[in-house]
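Asker: this one's structure only:
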DNA sequence: GCAAGGTC
């Protein structure tokens, strides 16, 4: 039996299909992993896919630490740690106390500069990372007469193959092994590769391993250093790395440019014009007056004028070319513009790919290969996506000449829908992304859009004004692909000499804007441009920067912490803050791949550079720790304490682990406030930052995907106070022969609103209320369940609701808002039952929202 | 509790 090892399942399957000589390959399972059995020249072959790297580099456990003390641990005796350090280098000085220690085996504290030349570096081992895959691999290797490594034809592919070989060798030391190098999963390429097998290129694999080692060494040493310089408790890792730190630095640099930006004043004169009831905007032909006096003089000519004459009409049509096929980066950018972050795009794309709806999502290629059955895909789409059927028919009737992008590789086709499977059952995010991909695909097969621009010149009191309008006259590809399309700006039909009514001419003072912050889509593109990360890693690296709270919001802003980290590393370890480290690594890896340098030499050189920087880092550990802790406080700040003026910050209770807002002056000052639940809290600036009623800070509350509001942080403040309101009689108490009143309360602690019966010690009736909006009792009772009806004032007007979430009446009529119809609970009895009813109502609401949205 | 690179 011949064993073929591919990098991933899809490649194993494709290879089997392309090489099988007797019918289609048979899908089989070894343990729980798919493998493909087929026959070539009478020999039995089996192909299996790995899952990328199956081994992960790390420091050996016994060198690292005893598990209890983690990174802080150099064992009291230190014997285990240091006895295993090779090369007989002198021991670093340490005492019997526990010292923070870095992954390379050195202490932060207690180190002298002159000891650095004697650094002992911890060795690196490679641990199994994909245990199931390795088990299958070994199982098959034992039975194999020969092995072919058929991983991707690139540096990481060679390393993945080399790691696989090391596992094969453990169970089959003598089995013959060869390497197949194909650069496209097409018949000619693959058969050719298997006809001319070569040897595994160990130099190329070593180059990849140098990359692994250097990333681990720098990442672990700097991450541990930053984390321990001012330890913020578990869950507060301050990470650094060859790709993430320069990426963070890009964002910080942009923010600094914005802060340094000096806005310039300019003035605009704009107004409205109207003809036959159709209104449009006009602006002075001088789009920006940089001189105020000139602007005022011009304005004085036209101020209050109500007529103008069309002095010229110019029409020009321009064509907008259809877009090029999607690769990973352009998909991420387009999806980001539709509100899907790159990391989420990749998770969704992976699921669509696994369901057979789209092609392989990790590609650089932007040119469809000739072998791709474009018409077949369009027909499939027409069949499976009714909404796209009309445009699919047009595409099929047209010439179908696909566009092509600049990057052409042959490994995988650009990202496209397969036309197979049923996209109708997809949920929100999946549907959105699938539509984007399907529509993009159709657009790449269609003609250009034609946009007609009309420019009007209008004379107002001798001053030249202009108006401009764009109209899509021929949709072309826009019929399939509306993304990023501007709305038509239609101008009325006018001819030279026509009179128009002019109104509202105003002189507007403006300021130039600083350079814009990066969107997530733009940042991915910028990383690609600067050679940072790969198509498979950029999205997750950005996500990581959010996770460690170096970044916030979208468009992206660095936190104070993020800026402090970049500042510190720029000063003491500048190499890790620029894309140049990656560029140098690429050059080093080329040398290793060419056999001019050894892996160990390149890694040792990198270690020496890091050691040189550790000198300074260790010396400035306390300054840096302080800078980090100041930054963390600044990020947590919500405003000034009304009592002592110190900072009020978000804190976590040591006892309950819950968060609260507390004064930095504690224990001298005891001011605390609860954190409004379910929202992201941020400070306000300027006048809005202080409550005029009580002096506490005012804050911005941002719920997830809902409109934000501002409020005073103090729940006892009159601006937050709501008197209890009687909303009706308790139906349960009435049935039990008692008198109970239902009262709407607002909790001072949590700010939550709810209705409770005055007999709450006996009666468990309780209903949740919407968090916001003025509440009014109506005195009416629900026809369906007997609970009171209240009116809640919302941004979109008054909302009449039965307070009982389990009311059977809610099944009949759809509720307002995005959630659609709320599913009623069992609701057997009028007036509902227990507190649990309210909880249940909450959960059924969530479930039904998911179903119907 | 570290990185970045594959892929699930």
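Answerer: Sure, I can see it. Here the structure is a predicted model, which is why all the values come from computation and not from measurement.
Asker: Quick check: longest helix in chain A by residues?
Answerer: helix A:202-229 (DSSP state H).
Asker: in that one, what counts as buried?
Answerer: Within helix A:202-229, the residues that qualify as buried are A:203-229, counting by 16 or more other CB atoms under 10 Å. Yep, even glycine has a C-beta here, placed from its N, CA and C like the rest.
Asker: The residue lying farthest from the centre of chain A in helix, strand or coil?
Answerer: Largest separation from the mean C-alpha position in chain A: residue A:737, at 57.4 Å (CA atoms, centre = their mean). For residue A:737, the assignment made with DSSP: H, G, I helix; E, B strand; the rest coil gives coil.
Asker: try residue A:438
Answerer: Following three-state DSSP, the label given to residue A:438 is helix.
Asker: if I pick the nearest residue to it once chain neighbours are set aside, what's in contact with it?
Answerer: Nearest non-adjacent residue to residue A:438, counting by CB to CB, 6 or more residues apart in numbering: residue A:417, 4.4 Å away. Neighbouring residues of residue A:417 by CB atoms under 8 Å, 6 or more residues apart in numbering: A:357-359, A:377, A:380-381, A:423, A:434, A:437-438, A:441.
Asker: hmm, 10 Å instead?
Answerer: Residue A:417 is in contact with A:352, A:357-359, A:377-378, A:380-381, A:384-385, A:388, A:423, A:434-435, A:437-442, counting by CB atoms under 10 Å, 6 or more residues apart in numbering.
Asker: Residue A:533: neighbour count?
Answerer: Counted with other CB atoms under 10 Å, residues neighbouring residue A:533 total 22.
Asker: Now do the same contact list for the closest residue to it other than its chain neighbours.
Answerer: Nearest non-adjacent residue to residue A:533, counting by CB to CB, 6+ apart: residue A:243, 4.6 Å away. Neighbouring residues of residue A:243 by CB under 10 Å, 6+ apart: A:215, A:219, A:527, A:531-534, A:537-538, A:541, A:544, A:576, A:579, A:581-582.
Asker: Of the residues you listed, which is the nearest to DNA strand B?
Answerer: Distance to DNA strand B across those (CB to the nearest atom of the strand) is lowest for residue A:219, with 2.0 Å.
Asker: so which helix or strand takes in the residue nearest to that closest one when sequence neighbours are not counted?
Answerer: In space, residue A:219 comes closest to residue A:241 once its chain neighbours are excluded; the distance is 4.4 Å by CB to CB, 6+ apart. Per DSSP states H and E: residue A:241 is located in neither a helix nor a strand.
Asker: and if you look at the one 5 residues further on?
Answerer: Element membership for residue A:246, per DSSP H and E: helix A:244-260.
Asker: So for that helix, mean pLDDT?
Answerer: For helix A:244-260, mean pLDDT is 98.
Asker: Going along the chain from it, find the next helix or strand for me.
Answerer: Sequence order places strand A:265-275 as the next helix or strand after helix A:244-260, per DSSP H and E.
Asker: Tell me the helices and strands packed up against that next one.
Answerer: The contact analysis (3 or more CB pairs under 10 Å, 6 or more residues apart in numbering; DSSP states H and E) places strand A:265-275 against strand A:278-284, helix A:292-302, strand A:307-320, strand A:449-460, strand A:463-474, strand A:499-511.
Asker: could you point out where the stretch 701-850 of chain A is predicted with low confidence?
Answerer: For the stretch 701-850 of chain A, the stretches with pLDDT under 70 are A:705, A:745, A:747-752, A:754, A:795-797, A:810-850.
Asker: again, only this time at 50
Answerer: A:813-850 (pLDDT under 50).
Asker: I'd guessed residue A:34 sits against residue A:51; true?
Answerer: No: counting by CB atoms under 10 Å, residue A:34 sits too far from residue A:51 to count as a contact (11.4 Å).
Asker: shared neighbours of the two, anything?
Answerer: residue A:9.
Asker: re earlier: other SSEs contacting the helix holding residue A:246?
Answerer: Here helix A:244-260 touches helix A:202-229, helix A:520-529, helix A:538-547, strand A:551-552, strand A:557-558, helix A:560-572, helix A:580-593, going by 3+ CB pairs under 10 Å, 6+ apart.
Asker: Compare these and give me the one nearest DNA strand B.
Answerer: Closest among these, using CB to the nearest atom of the strand: helix A:202-229, at 2.0 Å.
Asker: quick check: angle from that closest one to helix A:244-260?
Answerer: 50 degrees (axes from the mean of the first three to the mean of the last three CA atoms, to 10 degrees).
Asker: okay, now the domains of chain A?
Answerer: A:2-55+A:127-200, A:60-123, A:222-260+A:517-627, A:265-321+A:449-474+A:486-511, A:328-443, A:641-712, A:725-852 (automatic domain parsing).
Asker: want to throw those into CSV with distance to residue A:718?
Answerer: Converted to CSV, those look like this (distance: least, CB to CB, whole Å):
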stretch, distance to residue A:718
domain A:2-55+A:127-200, 59
domain A:60-123, 49
domain A:222-260+A:517-627, 32
domain A:265-321+A:449-474+A:486-511, 37
domain A:328-443, 38
domain A:641-712, 5
domain A:725-852, 12
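Asker: Looking at the ones you listed, spot the one closest to residue A:635.
Answerer: Checking these against residue A:635 by CB to CB gives domain A:222-260+A:517-627 as the closest, at 4.9 Å.
Asker: Surely residue A:763 touches residue A:757?
Answerer: Yes: Residue A:763 is within contact range of residue A:757, at 4.3 Å (criterion: CB under 10 Å).
Asker: Find the residues that touch each one of these two.
Answerer: Joint contacts of residue A:763 and residue A:757 (CB under 10 Å, 6+ apart) are A:730, A:732-733, A:738, A:740, A:742.
Asker: Just flag the most distant two among those residues.
Answerer: A:738 and A:742 (12.8 Å).
Asker: shared neighbours, those two?
Answerer: Contacts common to residue A:738 and residue A:742, judged by CB under 10 Å, 6+ apart, are A:730, A:732, A:757-758, A:763.
Asker: sorry, back to before: how about the contacts made by the residue nearest to residue A:219?
Answerer: Neighbours of residue A:241 in contact, by CB under 10 Å, 6+ apart: A:215-216, A:218-220, A:222-223, A:247-248, A:533, A:541, A:544, A:576, A:581.
Asker: which ones are touching residue A:18?
Answerer: So residue A:18 contacts A:25, A:38, A:182, A:185-191, A:194 (CB under 10 Å, 6+ apart).
Asker: returning to that earlier point: would you format the shared contacts of residue A:738 and residue A:742 as JSON lines with neighbour count, distance to residue A:668 and secondary structure included?
Answerer: Formatted as JSON lines, the shared contacts of residue A:738 and residue A:742 follow (neighbours: other CB atoms under 10 Å; distance: CB to CB, whole Å; DSSP: H, G, I helix; E, B strand; the rest coil):
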{"residue": "A:730", "neighbour count": "26", "distance to residue A:668": "47", "secondary structure": "coil"}
{"residue": "A:732", "neighbour count": "24", "distance to residue A:668": "50", "secondary structure": "helix"}
{"residue": "A:757", "neighbour count": "23", "distance to residue A:668": "43", "secondary structure": "strand"}
{"residue": "A:758", "neighbour count": "17", "distance to residue A:668": "42", "secondary structure": "coil"}
{"residue": "A:763", "neighbour count": "18", "distance to residue A:668": "45", "secondary structure": "coil"}
